[in-house]
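Novice: Here is the input, now give the coordinates:
(chains A and B)
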Amino acid sequence: MKLPKFLTKKPKKKHTPLKTQEVKFSYGKQAVLQDISLEIKEASITAIIGKSGCGKSTFLKLISGIISKSHKGKIKIFGKNKTWNKNKLGFVPQELSMIPDLSIKDNINLAGLNLGISERTAMTKAKELLELLKLNEDLDKKPDELSGGQKVRLNIILSLLHNPQFLILDEPFVGLDFQNRKLLWHFLESMKKKGKAIVLTSHLLSETEEHVDRIIILKNGKVFFTGKPEKLKEKLKIKYIFEVKFAYLSKENLQQIKDNCYIKRIPILDHYDKYIMFALESENTRDQLTRLFKKLNLSYEELSLREPNLDEIFLKE
Amino acid sequence: MKAITKFYGYIKKDTLLLVRRKKYLYLSIALPLIIAFLFLLILNPSQYELKVGVCDFDNTEQTRMAFTNMNGFEAVFLDQENCIDNLKEAVKKQKYPLGISIGKGFTAALENLTQSHITIYYDNTDLAFANLMAWKIDQSLEPFEREIVDKMNVEIQDQISELRNGIDTIKEIPESKYIQKRIDKIDNSVKKIENIKTEFLVNPLWTYHQPIYTETTAKDVGITFVLPIIALFILLMLSSTSIIYDKKTNFLTRVKSSSNPINYILAKVTFFIGLTIAQFVLITLLFLIYGASLNISIPGVINLILFIGITNTLLGLLIGLISDNEGIAILFSLIISFPLMLLSGIFTPLQTMPAFTQTLAKILPLSHQITSAKLALLFGQNIPNIWIYPSIAMLIGVYYLIRKQ
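Specialist: Alright, predicted model coming up:
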C-alpha cells in the first residue's frame, strides 16, 4: 500500500517513541496498573492483549494523556514528558469520536484544527487517506449515514492528519468485517514500514499474531508477558491443540476424562456437547489420551492435532 | 394481570433509576427544598426597620412625633443646611434606602385643615423596592393621618358648636354691636368649613414620590435586570450541555490526546462571550426601539459583557463537568439560577430580607451583574473588576476537572 507523502515524513531526531518505568495507576483504592515498564520502538507494531478490565485501555489513555490523574512511575514519549510531545502522537479511541450533527467534511476540518492544521491542509490530507482506505463517500453526509466499518476507518483518518510518529489505537478492529480488517492491517503495516510506532489493543489474538512484532499481555494490571508471539507459545508450553469429537459422551464420561486430565496435568481448553479441546505439550500426550478413551470405551467421530493460535492460549489463561 | 405486572415493572424501573442515579435523587430533593426555603425567606420578611433620612424644614413637635413613630421605619433627622442634596446623595450611596422631605408649613397646613405634603426620595433603579416603598410609606403614615382626621373631626365639631352658639346668641339678642362681632366670627367658622377640600378629607397628608434619578425610567432600568438574567439562563444551559455533548461525542478525548485543554476552555469562553455580545446587542436594540434612554459607558459595557460571559460560561462548564448527562446539567443550572434570581432583588426587595439573606445576595454573581449593568448602562460608569478573582478560581476548577475526567 502506497502511503500519502505526508505520512512518509520522518522526524530529524530519533528517540524511543514510548518508554515507561514502573508505572502504577489506580482508581481510588482499586489498583488498575502495577509496575508497567515497557519500551516501544519505532517501526514496530505492538499489541496489548488482556481480558476486559485488565487495564489495557487505561494504559493507552494514560500514555496518550487522556487520563491526567496522577500516576506513579515515568512515562516518556520520544524522550519527553507526554504533555510536551502530544503533536507526535495520534490516538484513535475505541468509541467513535465524531460529531454526529456535523458532516464528514466538517468533522475532518474540526479534527484538523484540533491538531493544529488548517482546514484546507486537513481536507487535502484527509482526501488522500479516504482514497487509500477506500472511503469514497459524499463528504456532505453525516457520520451516522456511514456503515460501521466506514465509521471506524474515518475515526482512524481523523487521528492521522498531523502525521503522528506514534499511533495508538484502542480496539481498532471492533465491528470490522474480514475485508476491512485486512485493509486496516495492510495500512498499519505500511505505516510501520515508514518508521511509525504503532500500539494497539485487540481481542482478535489469532489475527494479531500474524501481524504484530510484539505482544504484551496484561493480567490484573501487570505485564504477564512481553515478547514475540512465538515466545508466548513457548512460555505456555502448548505445542499442539488436540480436538476430539466423540460418538457419544455422557456426563460420567466427561467427568472421568476431566479427573484423568487433572491427574496427568493435561489442560482442557474447551468442551461442549460431544466435543473436547485439549492443550498438549507433546505428541506423546495425545497417545496417553487415546489410550484413556479406549479404556473408557469411548469411540470418536473426529480427531485433529494442530498448532495452537493465540486465541486458544489466551483462552487457557 | 400481565398489564399490571408490566405497569409495576415500569414504575420499578423509574424508581430504581432515581435511587441509583444519586445526582437525580439529590437534585430532585434539593431543588424544591432550596426554592421553598428561599420563598419562605422572601415572603415572610424579618422584622425589618428601614433607616429613613428626613429633612424636616417645618421642625415642629408634631412632625418630629409623626415621623419618629413611623411603623417599620427609623427616622434619622438631618441637618437643614443643603439638606435635600445631602439626602439624595445618601440615598444614591444606599446609606438610607429612602429619604423624606417635610416642607415648611406642614403643621400649619394641617391645623388649617388643608392638605400637607411630604416628598419621598427613592432609588428608582431598584424596581422591587420602589414598588414596595410606594404603599409601605403610606401604610406607615396611616396612624398619623388617622390622628389628623380625628383632630379635624374635633375641630369641625368645635366650629359647628361655635356656629350653633352664635346663631343661638343672635336669636336671643336681636340688636347689638355685639351681633356684628359674632356674625364675623360665625362667618369665619363657616368659611373654614367651606374651605375644607375633598382632598383633605380623603387624604390629609399627601406624599410625593420623588425618584432620585430623575432622567431614568422603569423602561431604562429594565435592561439592567433582563440582560443578566437572560444571559444567566442561556449561558448556564448552553455551556453545560455543550461540554456534555463534547464528552458524549468523544471530541473531548481528541482534545485531550492532542493538546492542552486550556485552549479548549478559552475557546469555549470566547465563543460564549460572542453569544453574550449578540444577546446584549439584540436586547439593547429592543429597549432602545421601545424608547429606553441609556447612558452607556463603552469600557463599562465591555467589562460587563466579559463579566457576564466569562463567569456564567465557566459556571456552566463546571456544571457540565460534574453532570453525567444533559438532564442533570439542566437540573443543576436551574438549581443555581432560581436562587440567584430570587436573591437578585428583581422580584422582592433585598432590603426587607433577613440580614443573612442580604449578605448572601450581595456575594452572588447575579446581584453583582445587575449592579454592574446599572453602572455601565444607566450611569455611564465603568464597573469594578472584582469578578476576575472568582473567574480565575472557576477557570482552575474547570481545567482540573477536564484533566481529571
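Novice: What segments of chain A are strands?
Specialist: For chain A, applying DSSP state E gives strands covering A:18-27, A:30-40, A:44-49, A:72-77, A:80-81, A:89-92, A:166-169, A:197-201, A:214-219, A:222-227, A:240-246, A:268-272, A:275-280, A:300-306.
Novice: Then the stretch 51-200 of chain B?
Specialist: Secondary structure of the stretch 51-200 of chain B by DSSP state E, counting those that start in this stretch: the strands cover B:73-77, B:98-102, B:116-122.
Novice: Residue A:114: which of those is closest?
Specialist: For residue A:114, the closest of the strands of the stretch 51-200 of chain B is strand B:116-122, at 55.0 Å, according to Cβ to Cβ. Bear in mind the C-beta positions are built from the backbone N, C-alpha and C, glycine included.
Novice: With respect to the strands of chain A, which exhibits the lowest mean confidence?
Specialist: Of all the strands of chain A, the minimum mean pLDDT falls on strand A:80-81 (a mean of 78).
Novice: ok so, going back, so can I have TSV of the strands of the stretch 51-200 of chain B showing distance to residue B:282 and mean pLDDT?
Specialist: Putting these into TSV (distance: least, Cβ to Cβ, whole Å; pLDDT from 0 to 100) gives the following:
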stretch	distance to residue B:282	mean pLDDT
strand B:73-77	42	88
strand B:98-102	35	90
strand B:116-122	31	88
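Novice: got TSV for these, with mean neighbour count and distance to chain A too?
Specialist: Below are the strands of the stretch 51-200 of chain B laid out as TSV (neighbours: other Cβ atoms under 10 Å in any protein chain shown; distance: least, Cβ to the nearest Cβ, whole Å):
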stretch	mean neighbour count	distance to chain A
strand B:73-77	17	57
strand B:98-102	25	55
strand B:116-122	21	51
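Novice: rewinding a little: out of the strands of chain A, flag the one nearest residue B:258.
Specialist: Using Cβ to Cβ, the strands of chain A put strand A:89-92 closest to residue B:258, at 7.6 Å.
Novice: Would you mind writing the CA trace of that closest one as CSV?
Specialist: Only the C-alpha atoms of strand A:89-92 are listed here, as CSV (Å, rounded to 0.1, in the frame of the first residue of the first chain):
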residue,chain,number,x,y,z
LEU,A,89,1.2,11.2,19.0
GLY,A,90,-2.0,10.0,17.3
PHE,A,91,-4.7,8.5,19.4
VAL,A,92,-7.7,6.5,17.9
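Novice: Is chain B within reach of it?
Specialist: Yes: residues of strand A:89-92 contacting chain B under Cβ under 8 Å from any Cβ of the partner chain: A:89, A:91.
Novice: Counting by contacts, list what that strand packs against.
Specialist: strand A:166-169, helix B:251-258 (3 or more Cβ pairs under 8 Å, 6 or more residues apart in numbering or on different chains; DSSP states H and E).
Novice: Need the ones you listed in a markdown table (columns: mean neighbour count and distance to residue A:216).
Specialist: What follows is the helices and strands packed on strand A:89-92, written out as a markdown table (neighbours: other Cβ atoms under 10 Å in any protein chain shown; distance: least, Cβ to Cβ, whole Å):
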| stretch | mean neighbour count | distance to residue A:216 |
| --- | --- | --- |
| strand A:166-169 | 25 | 13 |
| helix B:251-258 | 22 | 20 |
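Novice: Take the ones you listed and write them to CSV, including distance to residue A:88.
Specialist: Listed next are the helices and strands packed on strand A:89-92 as CSV, based on distance: least, Cβ to Cβ, whole Å:
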stretch, distance to residue A:88
strand A:166-169, 6
helix B:251-258, 11
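Novice: out of the ones you listed, which comes closest to residue A:43?
Specialist: strand A:166-169 (11.2 Å).
Novice: which residues does the nearest residue to residue A:79 once chain neighbours are set aside contact?
Specialist: Spatial nearest neighbour of residue A:79, chain neighbours left out: residue A:15 (4.0 Å); criterion: Cβ to Cβ, 6 or more residues apart in numbering or on different chains. Contacts were defined as Cβ atoms under 8 Å, 6 or more residues apart in numbering or on different chains; by that measure residue A:15 touches A:78-80.
Novice: mind redoing it with 10 Å?
Specialist: Going by Cβ atoms under 10 Å, 6 or more residues apart in numbering or on different chains, residue A:15 touches A:42, A:76-80, A:85, A:88, A:165-166.
Novice: what's near enough to touch the one residue in the stretch 251-400 of chain B that gets nearest to chain A?
Specialist: At 3.7 Å from chain A, residue B:257 is the closest residue in the stretch 251-400 of chain B, using Cβ to the nearest Cβ. Contact analysis of residue B:257 by Cβ under 10 Å, 6+ apart lists A:60-61, A:63-66, A:86, A:89-93, A:97, A:114-115, A:159, A:164, A:168, B:250.
Novice: Recalculate using a threshold of 6 Å.
Specialist: Taking Cβ atoms under 6 Å, 6 or more residues apart in numbering or on different chains, we find residue B:257 in contact with A:64, A:66, A:91.
Novice: The stretch 51-200 of chain A: helices as residue ranges?
Specialist: Using DSSP state H, counting those that start in this stretch, the helices of the stretch 51-200 of chain A run over residues A:56-63, A:104-114, A:119-132, A:148-158, A:178-193.
Novice: so residue A:301 makes contact with residue A:244?
Specialist: No: counting by Cβ atoms under 6 Å, residue A:244 is not a contact partner of residue A:301; they are 8.8 Å apart.
Novice: So these two - more neighbours on which side?
Specialist: Per other Cβ atoms under 10 Å in any protein chain shown, whichever of residue A:301 and residue A:244 has more neighbours is residue A:244, with 23 against 11.
Novice: partners of that one in the sheet?
Specialist: With DSSP bridges applied, residue A:244 shows beta-bridge pairing to residue A:276, residue A:303.
Novice: Surely it touches residue A:300?
Specialist: Yes: taking contacts as Cβ under 6 Å, residue A:244 lies within contact range of residue A:300: 5.3 Å.
Novice: Give me the nearest residue to residue B:23, chain neighbours excluded.
Specialist: Going by Cβ to Cβ, 6+ apart, residue B:23 has residue B:328 as its nearest residue, at 5.1 Å.
Novice: can I assume that neighbour sits in a helix?
Specialist: Yes: looking at residue B:328 with DSSP: H, G, I helix; E, B strand; the rest coil, it is inside a helix.
Novice: Tell me how far it lies from residue B:256.
Specialist: 22 Å (Cβ to Cβ, to the nearest Å).
Novice: swap in residue A:120?
Specialist: 26 Å.
Novice: which parts of chain B sit against chain A?
Specialist: Within chain B, the positions near chain A by Cβ under 6 Å from any Cβ of the partner chain are B:249-250, B:253-254, B:256-258, B:403.
Novice: can you rerun that using 10 Å?
Specialist: Within reach of chain A by Cβ under 10 Å from any Cβ of the partner chain, chain B has these residues: B:245-246, B:248-261, B:263-264, B:267, B:399-400, B:402-405.
Novice: I'd like the distance between residue B:172 and chain A.
Specialist: 105 Å (Cβ to the nearest Cβ, to the nearest Å).
Novice: how many neighbours does that residue have?
Specialist: 7.
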